[in-house]
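Asker: Sequence and computational prediction follow.
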Amino acid sequence: MPAYFLSKLPISPGEDPDAAARDMLRHSFAAFRARATGNEEWVTSRIEAALATCKKEEAQHETDWIGAVAGSTGVQSALLEQIWQLYEAGKLTGTAGEICGTLLDWVSEKPECLFDVARPENVEGLFGEDYKKLVTDWERAEMALPTLRTLLSEWLSGAPISEMEKRYCAKKNVGLCKISRHFVLRVVPDLSFIGGLPAQLLRAKALHDGDDPANVTMSTVLAVLPTLIREGCDSPEILAVRLNLGRTWSRPKARECFEQYVPFIPAGDPQEVFDVTRIRLRTASALLALNEGD
């Protein structure tokens with residue numbers, strides 16, 4: 001918790017990057033109580049100790065732009081550096097499912113870090129008493145990761161939540177799909193957050209290098225991966241169909257529509273801006289309508 005708190009301290013632009021953090025700490029409740037007892041010296045010493053710890057942490061990482069992402073996301077710099085290494089090694093490529101698989105493989109190498117990027121109470125809701133009896137985060141993550149991988153794969157494939165529930169619970173009567181709904185409403189946003197970290201790192205690196213973050217070159221899949229995860233789509237094209245049709249269309253229906261568009265979809269660039277992807281799918285929709293009219 002202290003490490004997480006320190007990672008969230010704001011960074012000020014200008015000559016004194018510690019100004020905002022120092023001001024925030026001076027206005028904390030602990031500082032207020034100390035000043036009420038006349039212990040101003042303690043307040044000053046604690047603020048300086050906190051800032052010194054932050055600087056020590058930053059000194060261990062030569063990529064200071066990663067520190068900026070750590071400050072804005074609350075994810076430790078060491079973990080972000082590992083994700084950046086995956087990107088530089090060319091491992092964050094392919095479909096949304098493949099990139100998510102790579103990220104979950106990375107988490108699996110050190111399972112307890114799952115709860116640095118996902119809220120423990122959200123994951124806990126997928127499991128019963130056996131999970132709650134586990135003592136360490138390592139044990140909990142070891143139990144949770146195979147289920148997260150399976151449910152995410154089915155969610156991205158467009159499977160209805162009733163089918164997800166049947167496979168998870170292994171029974172015909174799925175009731176209100178309690179587990180699958182919890183996964184979609186509570187766990188998918190956390191997985192979307194994880195999926196968005198590579199693009200955030202790329203944009204932060206571009207800004208550090210003096211480039212425009214809005215124009216950074218990356219695959220369309222990586223650029224929209226958080227939305228792909230949230231919407232349950234495994235490609236930018238399927239996501240484009242889902243958004244073009246509107247939210248009144250279900251995920252499975254949008255996927256059925258996409259399958260009809262496939263023969264008419266103009267060729268695209270793997271690194272195209274997503275707005276271009278949406279235009280290509282609108283074109284496919286128009287061509288399908290013309291073909292059916294004939």
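Answerer: Okay, I see it. Keep in mind that what you see is a predicted model, and the values were worked out from it rather than measured. Numbers count the residues shown, from 1 in each chain.

Asker: where does the stretch 1-150 of the chain dip in pLDDT?
Answerer: For the stretch 1-150 of the chain, the stretches flagged by pLDDT under 70 are 1-8, 12-15, 54-63.

Asker: Helices along that one, start to end?
Answerer: 2-7, 19-26, 29-36, 40-59, 64-73, 77-88, 96-109, 114-117, 120-124, 129-132, 137-156 (DSSP state H, counting those that start in this stretch).

Asker: Please convert those helices to a markdown table, extending it with mean neighbour count and distance to residue 266.
Answerer: For the C-beta atoms, the positions are set from N, CA and C on the backbone; glycine is no exception. Below are the helices of the stretch 1-150 of the chain laid out as a markdown table (neighbours: other CB atoms under 10 Å; distance: least, CB to CB, whole Å):
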| stretch | mean neighbour count | distance to residue 266 |
| --- | --- | --- |
| helix 2-7 | 12 | 44 |
| helix 19-26 | 16 | 48 |
| helix 29-36 | 12 | 59 |
| helix 40-59 | 14 | 47 |
| helix 64-73 | 19 | 35 |
| helix 77-88 | 17 | 29 |
| helix 96-109 | 18 | 21 |
| helix 114-117 | 20 | 37 |
| helix 120-124 | 16 | 40 |
| helix 129-132 | 10 | 48 |
| helix 137-156 | 18 | 24 |
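
Asker: Of those helices, give the one that comes closest to residue 206.
Answerer: helix 64-73 (9.1 Å; CB to CB).

Asker: can you tell me how far residue 197 sits from residue 79?
Answerer: 9 Å (CB to CB, to the nearest Å).

Asker: and for the two, which residues touch both?
Answerer: Residues touching both residue 197 and residue 79 by CB atoms under 8 Å, 6 or more residues apart in numbering: residue 117.

Asker: about what we covered before: residue 210 is nearest to which of the helices of the stretch 1-150 of the chain?
Answerer: Taking CB to CB, helix 64-73 is the member of the helices of the stretch 1-150 of the chain nearest to residue 210, at 11.3 Å.

Asker: Residue 160 against residue 256, yeah?
Answerer: No. Using CB atoms under 8 Å, residue 160 is not in contact with residue 256, being 11.7 Å away.

Asker: pull the CA atoms of the one helix or strand residue 243 maps to into PDB?
Answerer: When secondary structure is defined by DSSP states H and E, residue 243 falls within helix 236-245. Presented in PDB, the C-alpha positions along helix 236-245 are these (Å, rounded to 0.1, in the frame of the first residue of the first chain):
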ATOM      1  CA  PRO A 236     -10.900  -4.100 -34.800                       C
ATOM      2  CA  GLU A 237     -13.200  -5.000 -37.800                       C
ATOM      3  CA  ILE A 238     -15.700  -6.800 -35.500                       C
ATOM      4  CA  LEU A 239     -15.500  -3.800 -33.100                       C
ATOM      5  CA  ALA A 240     -16.100  -1.400 -35.900                       C
ATOM      6  CA  VAL A 241     -19.300  -3.400 -36.900                       C
ATOM      7  CA  ARG A 242     -20.500  -3.400 -33.300                       C
ATOM      8  CA  LEU A 243     -20.000   0.400 -32.900                       C
ATOM      9  CA  ASN A 244     -21.400   1.200 -36.300                       C
ATOM     10  CA  LEU A 245     -24.600  -0.800 -35.600                       C
END
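
Asker: Check what pLDDT the closest residue to residue 95 other than its chain neighbours gets.
Answerer: In space, and not counting its chain neighbours, residue 95 is closest to residue 234: 5.6 Å by CB to CB, 6 or more residues apart in numbering. Confidence at residue 234, expressed as pLDDT, is 93.

Asker: Report how many residues lie close to residue 234.
Answerer: Neighbours of residue 234 under the rule other CB atoms under 10 Å: 21.

Asker: Using the three-state scheme, assign it.
Answerer: coil (DSSP: H, G, I helix; E, B strand; the rest coil).

Asker: Quick check: it vs residue 176, distance?
Answerer: Relative to residue 176, and taking CB to CB, residue 234 is found at 26 Å.

Asker: Just the angle for the helix holding residue 243 relative to helix 137-156, thanks.
Answerer: 70 degrees (axes from the mean of the first three to the mean of the last three CA atoms, to 10 degrees).

Asker: ok and helix 236-245 relative to helix 96-109, angle-wise?
Answerer: Angle of helix 236-245 versus helix 96-109, following the same axes, to 10 degrees, is 120 degrees.

Asker: Residue nearest the middle of this protein, spatially speaking?
Answerer: Centroid-nearest residue in the chain, with CA atoms, centre = their mean: residue 193, separated by 1.8 Å.
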